[in-house]
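> what's the 3D shape of this:
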Amino acid sequence: MSTPIRDDWNSHWEDYSDAAEQNPAQDYCRKVALSLLGLKGAGAGVRVLDIGSGQGDMAAAIRAKFPSAEILGLELSKSGVEISKKKVPDAQFVQRNLLEEVPVPPGQQNWATHAVCSEVIEHVDDPVQLLRSAREYMCLDCVLALTAPVGPIGV
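Numbering: from 1, shown residues only. Coordinates of the predicted model:
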């Protein structure tokens with residue numbers, strides 16, 4: 001029996017970052033996720049956690065729509081973090097494997113008032129663990145917007 005091939009997210013973001021940024025379907029998902037957060041105005045006093053921040057496109061969309069919001073991106077890949085930091089330099093991006101139980105750094109526990117997990121959950125082996133780990137970054141009444149791709153649904 002062969003071992004399943006794991007996604008190489010470092011290589012993925014290095015090779016496909018530009019294409020992902022220009023993908024109209026991804027743009028639509030970002031707009032849907034941001035609308036689900038229910039934010040108004042410029043985002044003053046808002047702290048948004050971007051779960052699986054990839055190469056920073058969601059963070060860039062958050063910054064464009066809510067320029068006063070604080071942003072923290074959590075990403076598995078080093079290349080995704082590096083690309084994100086260039087794309088949204090005033091946001092914070094950290095490399096984290098949310099499938100492992102690792103203590104949350106001081107100052108980040110219960111930090112987020114809002115969180116986005118868009119087009120990520122379908123890529124992980126243990127979505128419950130991902131969300132359990134991410135929950136440690138969210139305050140008690142944090143609003144979470146989660147999106148996942150879906151194909152045609154028949155009746």
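> who's in contact with E75?
By C-beta atoms under 8 Å, 6 or more residues apart in numbering, E75 lies in contact with 9, 52-54, 81, 84, 93-96. For the C-beta atoms, the positions are set from N, CA and C on the backbone; glycine is no exception.
> again, only this time at 6 Å
53, 81 (C-beta atoms under 6 Å, 6 or more residues apart in numbering).
> L36 too?
Contact analysis of L36 by C-beta under 6 Å, 6+ apart lists A145.
> Would you check how far apart it and K87 are?
From L36 across to K87, the span is 22 Å (C-beta to C-beta, to the nearest Å).
> got it, and S118?
Distance from S118 to K87, counting by C-beta to C-beta: 16 Å.
> These two - which one has more neighbours?
Counted by other C-beta atoms under 10 Å, S118 and K87 do not tie: S118 has more neighbours, with 25 against 18.
> Give the phi and psi angles for the more buried one, as a check.
Phi and psi for S118, reported as degrees, to the nearest 10, are phi -120, psi 120.
> Now that it has come up, it's in contact with A148, right?
No. S118 sits out of contact with A148 when judged by C-beta atoms under 6 Å, with a separation of 8.4 Å.
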